[in-house]
Every structure is written in C-alpha cells, then in structure tokens.
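Participant: no sequence on this one, just coordinates:
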C-alpha cells in the first residue's frame, strides 16, 4: 500500500503541522475551510518547498502561480519538498483567501511541514527518501540503495526485484532438521543463506515523539518468510527474529538523525500450486495523532522478493559427484558393477560416493529415490536434493546423508500416501537448453513420464507435478511412459553431449533399428550368432530364432510406435529435427501388455562428460565383437564420446533396471541465471 | 499431446501400411532399412500425395525431387496428403535404393497410406482434418469448425478459446442442490447451461477395424468438468455422462464414413487459488497394431476451455431487484424503513423483494450475507449469488431463496470456521470501470477492506480473498477498514453515477468537512441548533456543545487521516483525481479506539440509478431544514441525483448499520464481455 501522494487539510483557525517524507507529493486541501465570502486565493511556500497550482485550462486561464486563483473549477495546490528539514516545522505554506473584490484579505491558512530526508546524497539520488527499505533489487549481490521499482518484480536481463532462498540446507551446528525449521539464526554460515535488507531512516529531532516506524508482512506470507534484526552485536543470539509465523509487524526502535537497520530475510517455502513465489516486506511510518488514539499510516515503502525456484541440471552439465549403492547381500550383488563405475568416475575425474548397504537397505535404485538440483540467488547458490515420495530402502538416504551444510533438501508426498512407479525420479529428466519456434529455454525443459488416457493408468503424483510446474523456468513436457512395465522415461531416452548442432543429441531406444541390424547380420550369414553368450545359466538365443519370433516382431512394432509418439512430442516441444536424434538399437518384449527390455537397455546409460557408462547388451558376437556394441560405437564415437560397456546383467538388468537407474549424478549448475529468463 | 507430424518406417522386405489423418505431415524414415550396398535413393508418390525431400544445402546440392539423393547428410523425405482416401491404402510411396554405380536398383520400399479426411469441404477449409473436436472457440455462440488455435486460450478482442460455465444454478426439476451436484442432465433448461462440443470424424471403410477413437481428459481436470454424450434420442436419459470424476476416457462408437458426435460440457468449479480455470478436452485416434497388443496414439485433437469467472457489478449498473429484510419483532422494528425502500424502489421502477422474518431470523444485514454477481459465456449468462461465510440469521437465505432456475450460487468458508466482521460483504465492493495509467479495467476493480499491519488485526478470510483474486478480471484493491468498529468499506465510501467526467463520483465520508460545515453554521449564529431533534428519548446535542468537545475533534482528525490514507490508495489504484471525489460530511467517535458513526452514516446509501436512499442524518435544523441534508443536496443534485433521506435511526443506525448494510441490489451485468479483457 505505498502512497507517495498525501492529502493534507489546512484551516484558517490554527496552523496545520505535518511530517512528510522527502519524495512524497503533498496535495493541500484548500477547500476544506474556505472562510465566509472568500472567492479566490493565493498560495506561497518557503524556500525548502516547491509550490504548484494545478488547474484545468478549460475552466481557468493560466497565471503566475503566486497570483490569485479562483476558489473553484477544481484548482488544486500541490507541494513538493526540495530538501530535508533541519528543524521540526521549518517549511511553511501560506494560503491567503480573498473576497470578491479581490483585494481584501479575509484569512490565512498556515501549513507547517517537517521534511524527513537525507541531505548529503540528495543531489546524486533525487529519488532518495528518508525511509527506504533496500535489498539486492538489481541482482548484483549488493543492496541497491533506493531502487526505482522495488514494488514490482520483473523477469529478464533488464528485470528488477530481490531474490530469496529457501533456507533448506543444514549448516548446523547440530544435525537435526533443515535450517529453516529453526526460528533463529543457527550459525554464521547459516546467515549467508539469508537475504540482506537495509532500512535507512532519517528524521529531524523529535520526529519519533509523534511517529512510529513499523516493519511488516502480510499474514498470508507469514508462513513463507522469516525476518531477523541484526542488533549490531556479534553474538548469534543478537539476531532477533522480528517477523514470521505469528509475528506480522515489528516496531523499529528509532532515534533521531540518520539511522541504518540491518535485517536478514529467510525463505521458508518453494513456489507451489498455491504460492506464486512472491513475498512483500513493508516499512510504514505511522503517525500517532493523539493520546490513546491508534496510529495511522502516512508513508509506506515496500520491497518485493521472489523465492528462487528449484532447478534441475541436464546430462550435458559437468558431472561433480556420482552416487551408487553397494549391494553385497542377496542373490544379486553388484561388486563388479561398482568396480566399473569407480573406473568410469576416475576417467571423468569425478567424485564417487558409495551408499553402503546399511543406508540403502538393499535398495539399489538410487536414481529413483532422488533428483539433484540447486537454488540460486545473486548472493548465494547451493545444491538441493529433491527426495521422491517413492520411499523404498533408500527412503531416508537423501535426508540423512545428502542434506547438510550448503546442501538443501526438499520433498513432496501425496497426502493419501498413494504413489506409483511413475513417481520414481528415473521418470523425471530434463533436456539441455533448447530453442523452440523462437522461444528460448536456456535452462532446458523438464521431462515427465505420464500415462496415456484411460482409467486406472499410472501418473506422477499431483503434489510432485504441481511442484515441478510451479518452479516455472524449466517448463515441463509430458511424455508417455506408462507403456513400459516400470514406466520411466529413462528407459527409452537419454541426452548426450555433442560438439556440433545444438550441443547434444537425443538418444532414443529403437526396436526397428535393432531388428534391421540383426536382419543385416543374418543376411551376412551370422544367423547362428546368439545373444546372451557367456551368461552361464541364462539361455542364449540365436538371430535366426529371434527373427523368426512373430510375437517379438509385433511387440517391436508396438513399442516402436510408442517411442515414435514420444519422438514426435520431443521434436515439437524441444524444437528438434531428425538430425538431432540418434536411434539406439534395443528390443523390448511385452508382459501383461507392458514392455521390458529384452537385453540390457543401452539408452539407460550414465553420462559423465564424454564418458558413457552403457549397459553391456550381450549381443551376438561377430568377428569377435558384439555387433550391438559395434553399432552403438559407430553412432556415438564420431561425436567424441567414449563408450564404456558395463556388465549389469545380473546386478541390475534382470531386476528391471540398468546403469542410469542404479546411479545418480550431481552436476554443475547452469552459468545462466534463472532470473534472466522471460517465462 | 497433439502431434501433427508422424514418423513412419519403411522396409524393403514388405510394404508398410499406415492410416494418417489429413493435415498430418509424414516423415518417412528411409534409413531404417537401407539394403546392403545402397548409397543413394529416389522417391516417388501417387497423385493423392505431395512428396518433399528436405536437405541441408551445406552438405547436399539441390536437385529434382524425383532425382537420386545421397543416403546420408541427413536428407529427409516428407509426405503430405492432398485429399482423403476413397479406399484403404490407395496412396502409395515408393523409395528406390541404388548402388554406388548409381544405376543399379537394389531394392524398393513401399509405403501404403490411407488418408482420413472430409473431401467436400476440403477446398474451403484447407486445415480441415478427419478428426476434429470443435467448440465455440471464436466466442460467437456457435461451434467453430476446425479453428486454428484450439489448443491455446487467449484473452482480448482478438482472443480465441472456448468458455465453460460453472453449472451452479438450479434449473431443477426438483429443488435440492445446484445442478452440477448431479451427474446427469436434469432438464432441457439445465442443458442450456452446458457448452456444446462437436466431434467430426471421417474415415474410409474398415478404418475402425484397426483403430479406436477416444475422448479423454486429464485426471487433474476430472473434478472440474463433466461431459455428456447426446445419443440423438430426445429423452433426457439419453444424455450419457461419459467423462468426469472417475471417468477419464470414453471410446467413441465409430461407423465408417462421415460422422458427427454431439457432446455437452459442464463446468464444476470456479477458478481458485490452485485452479487457473483452464480445462482441456482431447480426442485421440488409437491404432491397435496387433492381437492383444495395447493400442497406441497416432493422432490427437484438443480443445481448451476457460471456466467463466464470477463477476461483480458496481453501483453504476442499472438496478434490477432490491432486497430488504422485514423485522417486526424485537425493540428495533423496521416497518417505516421498509415503506421508504418500497417508495424508492417504485421511483427507480425496480423490483422489490422482502425477506420475511421467518427467513431472516432477526438478521437485517442482508448486504453482509451475500454479493450478487453473474457468469457469462457467449451462449449463456446468468446471475450468481456469492454467499459470505458470515453465517448469521440470514445464513440459509441465499441457498434456499436465491439459488434457483438460471440463478447460480457459490460460497467459500474457511476450514477452521473462524470468520471476522471483515468477512461480511458490506466489506466487499467494486468500482465502476476505470483506466489507470493507461491500463483499462472495463469491469471495474474489486475493493476489499483489510486491516493495517499488526498482530491480531482482522482480515477477510483467505479462502474468500483467494477466490476473488482468482477471478482475475476485476483485479482487487485492498483498502484499510479495520479502523472502524464494524470494519466495512461501505462505512466510508460509495460510488454514484455522474453525467460527466468518468461517469461516476467517489463519495468519501469526511469528518473535517462536517466540522467545517458546523463551525460555519456556528459563526452564522446557529450554535444552539442541535443534532438528533425529534428522536424522542435520544439526547440532542447543540453545535456549540459538539464543537467544544476536544475528544471529538481528536477523533475526527484521526478518522480523517484513516480515510485520507484510503483516499490516496483509491486515487492511485483507480486513477482518480480530486475532482472525481466528493467529501460527504460525517462524524465518527472512537470507542475502544475503533470508529463508529456519530449520526447516520450518509455515504452508506442505497443507489438505484439516479435515486439515492440516504440515511437521514438528523442534523441541526436551520431555516427549517437539516443543514447536513442541505449540504449533501448541494453536492449531489448538480449531478442529476435525487436525494431521498430515509429515517433508519432506530431500525439500523443504533445497531451500527445503515441503509446500504440493510439492503442488497441485483444489477444488470456489464455489456462488455470479460473475455475481451487483457488482464
């Protein structure tokens, strides 16, 4: 409710006194107490003031401002303040009322104005006012003094508006919950996650005898933000929580002269279905007009924050840390796989973190349990893990092991607790930056696997989808993944970095290109070459047998048409052409009319820069090498990619997952700032 | 998920058959099965097709489309359909593969295309497709055939997109609940509230042996919309509910040739905090590729609806019906007031509806219980009463007596049931149409009375505010009304029609202008004239006594400053100048530091066109007339307004309400259509 204009009434009986903040425009009501018989008036102001007479030329002819004006036809007197007061009431306006004759002065009305302002900077910053709530509205990492449009938050490179982080990491000291679960500043590192706000005030002596300065928020923002007042002392306890939850307003202790108050603002909630992410903080000057009368607002300054969205990172971003589970117990240990991932991480010189059995509780699908992302403000950025509502063995891993100093945590769980396989985050992916029919997506687009219409089909939980959509800047695209038994998008697509074109290629699993490859080999006389050689008790199948299988041919045609449907959506929504897409040979078979990979699903790979960890397909060996591996090499190596085929057959594949499902990668954030987007 | 492009694979082994919908672009995958040794290809299509070769001039030099092209460098074959098939597979594409020599034909790949389309209109409407879901997307009241941008809903005079009404009236037959509480069409008048959707299909014989046509919605829209299928028979029971709640998809029974299916769509929910008002309806052609294989989508058409917002009407709209309560029992009967309102309604020739004691249960504040508004679609519009969560004696009146045929009902109640006086709809008002710094508000702006910051202050319930904000087109402005004991905006402001300027004036209660008026009269020698003459036991007070009361002077100064704060907000948010505002003399006194009117609050008037029903102030009688009435007449009669001063002293005023609080007016909807706004 900022009000830069203020109506002030004058009276011929006694002088009117008013305190005004430099920058406010005063509309003097000269009609409120016209003395009997007066028909015209004249107005004069002292040197600290600028007096204007506003009139409608239709009814009044222009004249000297200090000349006599008719007392009607809506002539108005506007006063602006040139400089701050040195003493209370040192600016004066006199309104003189005259009779019809025009010469007889009937009465004077006096207005005494005390102007709050900061003199020394006035010349450089004409906008400067005596009460100014300042934050990093120009997104430089520094508090901008007296920004122009603090009350509006605008997107884009020329946008303005401050940014707030959800303080969802755990800087500690103690372990326990996320920092924003505690209504106090936990540590100095914790303090770094908050946004700085400075309240500048300047009033002449005695001003606060009749005025109060309030810092306040709306009750509807009270559960989304917390404000601390820095007393100046260095002890943490001196950061007093002044706003948040039940505290909606705070009287700022005032002394005369120039003052500066330091506040720290903490975000508590991410944008979501019913929260657009905007939060307003107000500073209001209240006038106490008399004994036991409530105070009334005379000036408000407002600064608007946007809570930083949670952001995802595509495969093409630099890998920082790879996560994988160690499984020793049970029929399907993964030591060999673990070794291969170690080697791969080393090649990509990327940190490797192994989640021990005690923490994964036999659940090896670490891709499905969480998605790594980050939050960013000009003053601070840190990674944030999004914990899926899937909740199997790894349920507590993100909160217990990932959440920590400068590592945030967020989760969404459906109230009814009902989740499907499509809520696993193997079903949540993101494209590299794309441009679609002129529209830029510099942070890529989120990809969600969804179901095709029909009752009882699986879909990602609404709370998770609402959260993803509400982040806004990585505008989600819905694909069709329910045709798969497990139902995750990473079963049929992946993105790999490329030196040319858009900087990446979309890899799509392709039953047809696989059948064509096999037929070619058959023609070449290798019909007796078999899949699954060297897998011991696991039965092999020759190309001849496989190509004679009509059911498999039908399944492949069906699966191809499902993938082609997604191909069309991806081409349209990501602005891709056929040349941006590479078909990776892959076969699927249907069980209960849902598809599973016949041999290790190669697109389900882990991507660390140029180093690809591809599921070893165990295809037919021809001239001493697997023809599937050879084919994939021929497709990807020209892009400068190194194909590492990793045996996951008994450790992942037979359990309906592959390399991507069994790993998770934390990647470097974008260098592009999300607030420079125009969504 | 509309996909107008479709990838189709060809093979040199057997011809590929595909059914395509006219309008779809076919991308022929010629790389999927390149015969051994082939290095170039040539492509030809039959007359019903248009065959293009797309290539990158960087790598390939242009040539005749039917000439030979290299089998690399990403040369693509695109086929479009010129006209619908007369028989299945009557369009053919041949891809011929050649060896390095260039002359030796190695193999041909055939593609047979069946094209679904409607021939006869093809020339007029090139966009026409064989599966088209059509609604009133051009907002003419008629179904638009094959609109261009059905999948987008856009605002403004050139906007496109269909509109849905919340079927919240009660056409019956029986009484009971709102029509949309029943999962069936209740009557033919009920049917008029629904939006018509027509599904046009045209396929050659035999097409549906291998294809299914589904009508479907997202599970997230399932609680907001219901779709009925008109079988053609005239009986109501023949309108089968096919979508809504648990029904997410519906297989449309298909026969060969051209067909037309008629659907009726019913809105169930208004836009709100977590519903943006948009709903999508899809028709998808599914291909059943084989025995016991699931079907896959090959074509989708989508139409997007926006649910019409609930709209308010300002005082300046023509009055249709006045509501007032009859109170006979108790110490404060209102017969006299009732009579006066009857006379006023007659003058304005406007229907009068009296709510009898049996229905109002002693609650006379009918303004507070409900707000009249309306909903509008091109095909239908009807009034809708918004029932406040206030719930006193009149609690059941809106539902029981207002809800009815073509009269809708909506309400919002906070879950915790906690409401304050600010939730009464005397605290909800709307301005006439305004233009603010270039931005037009052709339907006015909603005004909500709110509290000034500080803990424990009263505020309108979040569910009510969220609802009002979500309607979007009458963008709310928050005022400060909590300084009043009752706390309603109608205690200090009102809008009256005016022949000039913006077409209205804003009336604001003004203690200062009242004190000035009284002082003037005192100077003129009427200091002994008294307020409240002729009110029997109610004590009178002379101007001398009143003007000597310093407490009253302080209270007035305080109240004036509160109203001035609102004046500033109103000037800024409604783009008003001082000349658009009229000060109405009014005094308030503070009790427990909240304000109540000292004499009947004149701005709290009922406005029926030019006829104003103003609370009779019982001011000092001078020269045989009340000087307050005289003053108000002098301010309003020049605008062509007729001032009727109605005695409400013991029937309303002493109970802390006035004429506006005690009445409610249903007004004519705007002639301006809300969808022509650009919010």
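Facilitator: On my side now, so go ahead. Owing to the predicted nature of the structure, the values given are computational and were not obtained by experimental measurement. Numbers count the residues shown, from 1 in each chain, chains lettered A, B, ... in the order given.
Participant: element containing residue A:20?
Facilitator: strand A:16-21 (DSSP states H and E).
Participant: Pull out the buried positions in that strand.
Facilitator: Across strand A:16-21, burial judged by 16 or more other Cβ atoms under 10 Å in any protein chain shown covers A:16, A:18, A:19, A:20, A:21. C-beta coordinates here come from the backbone N, C-alpha and C atoms, glycine included.
Participant: okay, these in a markdown table with distance to chain B next?
Facilitator: A markdown table is the format used below for the buried residues of strand A:16-21 (distance: Cβ to the nearest Cβ, whole Å):
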| residue | distance to chain B |
| --- | --- |
| A:16 | 10 |
| A:18 | 10 |
| A:19 | 12 |
| A:20 | 13 |
| A:21 | 13 |
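Participant: Over to the residue nearest to residue A:654 when sequence neighbours are not counted. Which of the three states is it?
Facilitator: Closest residue to residue A:654 apart from its sequence neighbours, by Cβ to Cβ, 6 or more residues apart in numbering or on different chains: residue A:332 at 7.2 Å. Assigned by DSSP: H, G, I helix; E, B strand; the rest coil, the conformation of residue A:332 is coil.
Participant: need the contact list for residue A:9.
Facilitator: If you count contacts by Cβ atoms under 8 Å, 6 or more residues apart in numbering or on different chains, residue A:9 has them with A:16, A:29, A:32, A:33, B:512, B:560.
Participant: ugh, wrong one, I meant residue A:185
Facilitator: A:191, A:194, A:228, A:236, A:239, A:264.
Participant: And for residue A:539, the neighbour number?
Facilitator: Residue neighbour count, defined by other Cβ atoms under 10 Å in any protein chain shown, stands at 9 for residue A:539.
Participant: which residues does it contact?
Facilitator: Shown in contact with residue A:539 (Cβ under 8 Å, 6+ apart): residue A:532.
Participant: Am I right that it sits in a helix?
Facilitator: No. With three-state DSSP as the criterion, residue A:539 is coil rather than part of a helix.
Participant: I'd like to know how far it sits from chain B.
Facilitator: Residue A:539 is 24 Å from chain B, where distance means Cβ to the nearest Cβ, to the nearest Å.
Participant: for residue A:263, same thing?
Facilitator: Using Cβ to the nearest Cβ, residue A:263 is found at 15 Å from chain B.
Participant: Please apply the same query to residue A:238.
Facilitator: Distance, residue A:238 to chain B, using Cβ to the nearest Cβ: 23 Å.
Participant: Tell me the one of the contacts of residue A:185 nearest residue B:632?
Facilitator: residue A:228 (52.2 Å; Cβ to Cβ).
Participant: on contacts alone, who are the packing partners of the one helix or strand that closest one maps to?
Facilitator: Secondary structure from DSSP H and E places residue A:228 in strand A:225-230. Counting contacts by 3 or more Cβ pairs under 8 Å, 6 or more residues apart in numbering or on different chains; DSSP states H and E, strand A:225-230 packs against strand A:239-243, strand A:257-267, strand A:278-287.
Participant: most tightly surrounded among the ones you listed?
Facilitator: Greatest average neighbour count among the helices and strands packed on strand A:225-230 goes to strand A:278-287 (a mean of 22), per mean count of other Cβ atoms under 10 Å in any protein chain shown.
Participant: rewinding a little: and the two most separated of the buried residues of strand A:16-21?
Facilitator: Within the buried residues of strand A:16-21, A:16 and A:21 form the most distant pair, 17.0 Å apart (Cβ to Cβ).
Participant: Just give the number of residues close to the nearest residue to residue A:596 once chain neighbours are set aside.
Facilitator: Distances taken as Cβ to Cβ, 6+ apart place residue A:485 nearest to residue A:596, at 4.7 Å, with adjacent residues excluded. Neighbour count of residue A:485, defined by other Cβ under 10 Å: 19.
Participant: want to throw the helices and strands packed on strand A:225-230 into TSV with mean pLDDT?
Facilitator: Below are these laid out as TSV (pLDDT from 0 to 100):
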stretch	mean pLDDT
strand A:239-243	94
strand A:257-267	89
strand A:278-287	92
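Participant: can you tell which of these is closest to residue A:314?
Facilitator: Across these, closest to residue A:314 is strand A:257-267 (Cβ to Cβ), at 25.3 Å.
Participant: Check which helices and strands that closest one is in contact with.
Facilitator: For strand A:257-267, the elements it packs on are strand A:162-164, strand A:195-203, strand A:225-230, strand A:296-307, judged by 3+ Cβ pairs under 8 Å, 6+ apart.
Participant: okay, whichever residue of the stretch 101-250 of chain A sits closest to chain B: pLDDT?
Facilitator: Taking Cβ to the nearest Cβ, chain B has its nearest neighbour within the stretch 101-250 of chain A at residue A:216, 3.4 Å off. Residue A:216 is assigned 94 on the pLDDT scale.
Participant: Same check on residue A:394?
Facilitator: pLDDT, residue A:394: 97.
Participant: Please apply the same query to residue A:109.
Facilitator: Reading off the model, residue A:109 has pLDDT 91.
Participant: for the one 3 residues further on, same thing?
Facilitator: Looking at residue A:112, its pLDDT reads 92.
Participant: what does the one 10 residues further on give?
Facilitator: According to the prediction, residue A:122 has pLDDT 34.
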